[in-house]
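In: mind folding the following:
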Amino acid sequence: MDVIDQIGPEVSRIYVVDDCCPDNSGDYVVTNCMDHRVSVIRHEENQGVGGAVMTGYQAAIEDGMEILVKIDSDGQMDPALIMYFVNPIAEGDADYTKGNRFFDLEKVHSMPRSRIFGNAMLSLMSKLSSGYWNIFDPTNGYTAIHADVAHHLPFNKISRRYFFETDLLFRLNTLRAVVVDVPMHAKYGSEVSNLKISRIIWEFFVKHVRNFFKRIFYNYYLRDMSLASIELPVGLLLLGFGSLYGFYHWMHSAQVGLPTSAGTVMLSALPILGGIQLLLGFIGYDVSSVPIRPIHRSLKAPRRYKSDSVARVEVDKEL
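Out: Down below sits the predicted model:
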């Protein structure tokens, strides 16, 4: 209730998603909340944070909301920052905004060290798999999205559990949506996080690898072709050939006790150097191809918006 009470008049609708919470939070809100903007949506089965957010998105889209803001109910996300997330979208500078707790280095010290290390590793993997090299803190759940962009997301394919925020970034990149970081400071109390890095790191790694290959195929071979589409396979081919050729002759030289000839060394070194150069060219192209043109104006859904409509989706996760 404290989170709802802090929401200002700029928000026209509030959707509280009770994701089968054992504390019956949905019933508590219905009984104690007098705010006419609040609608409670209940899940009969726990669907995870992803499922809860997508339920809220769908409800807001059906009600004609224009910008959808999602924050959690644990009090770590300050509702006073809502317009900081909305403004870049409303002004046409972004399609999706997300929080970044690492922007102010002085305040990073308040974050538990395990979270700092875990988020740094997850951010690096997310840059590779999502293609958004310009953002950080991918698991940050304080987000906002334009309804027209959300309308085109494949809700049935997006991860339902802890990988949701990162998987959503991958889906947004396939739409070529513009994502912008919003500096924020998280409040950490006595709550215990359900996200254990040691438990999910392997699962996240596998899903990041899967999304990386899917993104490369979608963006460089299925939807478009560029010089980078040639650099990647040729670079891998040259690097693989040079490495295998050099390794074979190095082993052969060690067995017979004779030095490898200069010509053989060059036949191994040149493909390796050429392959590395082509792969660096591909990476440079990929980094520079981060979407910069918002797409929500060209993805207008067939519906009319209510004026100045901002919806906030509050997710009550199972403990």
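In: any idea whether R161 is helix, strand or coil?
Out: Three-state call for R161 (DSSP: H, G, I helix; E, B strand; the rest coil): coil.
In: find the nearest non-adjacent residue to it, please.
Out: Nearest non-adjacent residue to R161, counting by Cβ to Cβ, 6 or more residues apart in numbering: G48, 4.1 Å away. All C-beta atoms are positioned from the backbone trio N, CA, C, and that covers glycine.
In: how many residues are close by T260?
Out: 14 (other Cβ atoms under 10 Å).
In: which residues does it contact?
Out: 249-250, 252-253 (Cβ atoms under 8 Å, 6 or more residues apart in numbering).
In: buried members of these into PyMOL, please.
Out: The following PyMOL line selects those of the contacts of T260 that are buried, judged by 16 or more other Cβ atoms under 10 Å:
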select buried, resi 249
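In: just the ones of the contacts of T260 in helices?
Out: Per DSSP state H, helices hold the following members of the contacts of T260: 249-250, 252-253.
In: from the residues you listed, which single one is nearest Y96?
Out: Proximity of the ones in helices among the contacts of T260 to Y96 (Cβ to Cβ) peaks at W250, which lies at 49.2 Å.
In: so how far is D167 from the residue nearest to R161?
Out: 12 Å (Cβ to Cβ, to the nearest Å).
In: more neighbours, these two?
Out: A direct count of neighbours by other Cβ under 10 Å for G48 and D167 places D167 higher, at 24 against 19.
In: show the model's pLDDT score for the more buried one.
Out: Confidence at D167, expressed as pLDDT, is 94.
In: just D74 next, same as before
Out: Per the predicted model, pLDDT is 79 at D74.
In: find residues that contact each of G48 and D167.
Out: Common neighbours of G48 and D167 (Cβ under 8 Å, 6+ apart) do not exist.
In: what's the neighbour count on T166?
Out: By other Cβ under 10 Å, neighbour count at T166 equals 21.
In: wait, it touches R210, no?
Out: No: the criterion here is Cβ atoms under 8 Å, and T166 misses it with R210 at 11.5 Å.
In: low-confidence stretches in the stretch 201-319 of the chain?
Out: Of all residues in the stretch 201-319 of the chain, those with pLDDT under 70 make up the ranges 300-319.
In: could I get the full set of strands for it?
Out: All strands of the stretch 201-319 of the chain, identified by DSSP state E, counting those that start in this stretch, fall at 310-316.
In: ok, back up a step: check the ones in helices among the contacts of T260 and tell me the two furthest apart.
Out: Counting by Cβ to Cβ, the most remote pair of the ones in helices among the contacts of T260 is W250 and H252, 7.3 Å apart.
In: ranges for the helices of this structure?
Out: Under DSSP H, the chain gives helices at 2-5, 25-32, 48-62, 82-90, 105-108, 113-130, 147-151, 164-175, 197-217, 227-256, 262-288.
In: per-residue confidence averaged over the first one?
Out: In this case it means helix 2-5. Mean predicted lDDT for helix 2-5 stands at 84.
In: for that helix, which residues meet the burial criterion?
Out: Buried, per 16+ other Cβ under 10 Å, within helix 2-5: 3-4.
In: pull the CA atoms of it into CSV?
Out: These are the backbone C-alpha positions of helix 2-5, laid out as CSV (Å, rounded to 0.1, in the frame of the first residue of the first chain):
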residue,chain,number,x,y,z
ASP,A,2,2.9,2.4,0.7
VAL,A,3,4.0,2.2,-3.0
ILE,A,4,0.4,2.9,-4.3
ASP,A,5,0.0,5.9,-1.9
